[in-house]
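S.K.: Sharing a model prediction with you, sequence too.
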Amino acid sequence: MQPRLLHHNPLPDPNDEPIRRHFAQAGYHIKAQALDRTYRLMLHQLGDSAFLLRSDAVLKVLSDAQVRKETAYPVKVLQQIANPRERTPEFMDHLQRLVALGVFLRGYNLKCPYCEVEDWHPHLSESVLCLSCGSTFQPPLVLNLVYKLNHVFAKGVKNGALTALLLLHRIPDITAWGANYTMNHRGQTYELDLVIIADGRLLVVECKDNVPDHQKLRRQLQNTDAIAHGVKADTLLFATLAKSIPDDVTSILSHATTPAMTLNRHRLTHSTWSFE
Ligand SMILES: [Zn+2]
């Protein structure tokens, strides 16, 4: 029996229909993967607080390997990860907002005295059910609140959402966007990180939260350039949360067939730019 849909989250506009139409006219049939929806849910959840992603301290917390695994930490530990120094009051304000938005969830880490497994619990009562062994036990008298990333954000940030969301937040006049496309073209399968139509311009974007394997990146960029050329994109954009643009990328983009532009962490979070 099929599960019954009780409730459907509307996807925030703009959708990617104009992009799929444009690509189809150029002979590319593209399909957005499930992560596209994850990105949309994340933007929807952030709403007009997407500017929080521009904070270096917030980015550090969201980039932390354990936070991404939904490990729940007290504020003190999150603060150590963020290392905001003199901007601590600002970081605390940002964290408070992220909790209000449900990006971080408040709860308690409780260790079961029977099986000794520690689990995160959103609520406390005098009788707590262990999620691991099913025993019930009483929580201790003194307990710290701990905060963990919600599942949608954890999934998104593990899959490179931060660079894409920052771009979507910062580029004005976006009329359509789509993320994580796959396509088959002349027997080959290609992937595209992000495509945006803004102010009538078509931007094909390679997004990388970090740049690990240069050889793979080189191949991806060359493919992306070929697609950008095929669909007559206005700009080929390389955006990364890394502090600097790798030399490899600069050299490939200097030979790109589509006008290219790069944005590093500083430009994504601080400066303004235009496509002129
Ligand atoms: Zn237990």
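M.R.: Sure, I can see it. Since the structure is predicted, the reported quantities are computational estimates derived from the model, not experimental observations.
S.K.: From here on, just use CA atoms for contacts and neighbour counts.
M.R.: Noted.
S.K.: secondary structure element for residue 24?
M.R.: helix 17-25 (DSSP states H and E).
S.K.: let me fix that: residue 229
M.R.: Per DSSP H and E: helix 214-230 holds residue 229.
S.K.: Buried residues in that helix, which are they?
M.R.: Buried residues in helix 214-230, counted by 16 or more other Cα atoms under 10 Å: 217, 218, 220, 221, 222, 224, 225, 227, 228, 229.
S.K.: could you measure the most centrally placed residue in the chain against residue 238, distance?
M.R.: Residue closest to the mean C-alpha point of the chain, counted by Cα atoms, centre = their mean, is residue 161 at 1.9 Å. In this view, residue 161 and residue 238 are 14 Å apart by Cα to Cα, to the nearest Å.
S.K.: for residue 54, same thing?
M.R.: Taking Cα to Cα, one finds residue 54 at 18 Å from residue 238.
S.K.: Next, the contact list for residue 56, please.
M.R.: Going by Cα atoms under 8 Å, 6 or more residues apart in numbering, residue 56 touches 82, 269.
S.K.: three-state assignment of residue 164?
M.R.: helix (DSSP: H, G, I helix; E, B strand; the rest coil).
S.K.: Name all residues that make contact with the residue nearest to it when sequence neighbours are not counted.
M.R.: Using Cα to Cα, 6 or more residues apart in numbering and skipping the chain neighbours, the partner closest in space to residue 164 is residue 207 (6.2 Å). By Cα under 8 Å, 6+ apart, residue 207 lies in contact with 160, 163, 164, 193, 194, 238, 239, 240.
S.K.: Show me which of the residues you listed are buried.
M.R.: For those, buried by 16+ other Cα under 10 Å: 160, 163, 164, 193, 194, 238, 239, 240.
S.K.: Could I get these in JSON lines, plus columns for distance to the ion?
M.R.: What follows is the buried ones among the contacts of residue 207, written out as JSON lines (distance: Cα to the ion, whole Å):
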{"residue": "160", "distance to the ion": "35"}
{"residue": "163", "distance to the ion": "40"}
{"residue": "164", "distance to the ion": "40"}
{"residue": "193", "distance to the ion": "42"}
{"residue": "194", "distance to the ion": "44"}
{"residue": "238", "distance to the ion": "48"}
{"residue": "239", "distance to the ion": "45"}
{"residue": "240", "distance to the ion": "43"}
